[in-house]
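Colleague: Sequence and predicted structure, then a few things I'm wondering about:
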Number of protein chains: 2
Amino acid sequence: MQFGQKVRELRILRGLTQRSVADSLSVSVSYISKVENGKLHFGDYPSANFIHKLADELKADEDELLLLADKVPASIRQRIRQRPELFRQIAKMDKHALDRLESSLNTVN
Amino acid sequence: MQFGQKVRELRILRGLTQRSVADSLSVSVSYISKVENGKLHFGDYPSANFIHKLADELKADEDELLLLADKVPASIRQRIRQRPELFRQIAKMDKHALDRLESSLNTVN
DNA sequence: TGTTTATTGCACCTTTTGGTCAACCATTCA
DNA sequence: TGAATGGTTGACCAAAAGGTGCAATAAACA
């Protein structure tokens, strides 16, 4: 799922037009259109700030949108800063190890 | 340990002056000074790009510097993008759970 | 058919970011 | 004492990011 796609999906789901979203966020319609189509003339995604307001307007999960926009949510960044070595280690694991880790977390111990 | 402190420590360790580092990286001495003192008049840390060159010059661990500068290294970002849910879940864990996780990773299974 | 909604390109504008420059201070040392 | 050498600071500047506004285009639909 792409970022723009997700935004469009949510917008439609809420029964909103690009114009109404644009007005609510005080940006132009063309900007919303470009966001949904991934056509921002440089950089691929809107700013974290914009995503914040957008998530609010669409009643969406902000962190999910941030992740789709390849940005690291503050909640995760904070943890990484607190335990850099843990995260470096996890990042170094291969797919299988990650799978095992994920399922072990989902297992009620 | 603060970012600027670490940079200074490494620079001294390598027997370099601010000027020599500045020259190597083609920036001004004053910039290096501000970096070491955390006095960049906005934003707290230099750009990731700059840190990259700096790490190279100081023969430092780039990711460590990035983490000190509250930036998420590419290696970790990539993993987060691949498995957002896993990382969100880990980020939500409390200290104890993180401790247990960390030690379980260090345990040879 | 005309109205609403969305798409896209392009030139433009403002704010933020990433620096520079000049002047200054402190230390050392000939 | 004065002149290198190394470091600090504040005002300022240039480039990049983040967006605007318009115009032309198209599709939906009532």
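Modeller: Structure received.
Colleague: Okay, the nearest residue to A:Lys71 once chain neighbours are set aside and B:Phe87: tell me how far apart.
Modeller: Nearest in space to A:Lys71, with sequence neighbours left out and distances taken as CB to CB, 6 or more residues apart in numbering or on different chains, is A:Ala48 at 5.5 Å. From N, CA and C alone the C-beta is placed, and that goes for glycine too. Distance of A:Ala48 to B:Phe87, computed by CB to CB, to the nearest Å: 17 Å.
Colleague: Of the two, give the one with the bigger neighbour count.
Modeller: B:Phe87 (24 against 15; other CB atoms under 10 Å in any protein chain shown).
Colleague: Pretty sure the more buried one sits against B:Arg79.
Modeller: Yes. Between B:Phe87 and B:Arg79 there is a contact at 7.3 Å, judged by CB atoms under 8 Å.
Colleague: any idea of the pLDDT on the nearest residue to A:Phe3 once chain neighbours are set aside?
Modeller: Sequence neighbours aside, A:Leu68 is the residue nearest to A:Phe3 in space, at 4.1 Å (criterion: CB to CB, 6+ apart). The model reports A:Leu68 with a pLDDT of 95.
Colleague: A:Leu68 contacts A:Val35, correct?
Modeller: No. A:Leu68 is beyond contact range of A:Val35, at 11.7 Å (criterion: CB under 8 Å).
Colleague: Would you mind telling me which of the two has more residues around it?
Modeller: Shown here are A:Leu68 and A:Val35; by other CB under 10 Å, A:Val35 has more neighbours (24 against 19).
Colleague: In three-state terms, how would that one be classified?
Modeller: helix (DSSP: H, G, I helix; E, B strand; the rest coil).
Colleague: Give me the buried stretch members for the helix or strand where A:Ile32 lies, please.
Modeller: A:Ile32 is part of helix A:29-37 when elements are defined by DSSP states H and E. Judged by neighbour count (16 or more other CB atoms under 10 Å in any protein chain shown), helix A:29-37 contains these buried residues: A:31-32, A:35-36.
Colleague: For the residues you listed, give me CSV that also has pLDDT and distance to A:Ser75.
Modeller: Shown next, in CSV, are the buried residues of helix A:29-37 (pLDDT from 0 to 100; distance: CB to CB, whole Å):
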residue, pLDDT, distance to A:Ser75
A:Tyr31, 95, 27
A:Ile32, 96, 26
A:Val35, 96, 23
A:Glu36, 96, 26
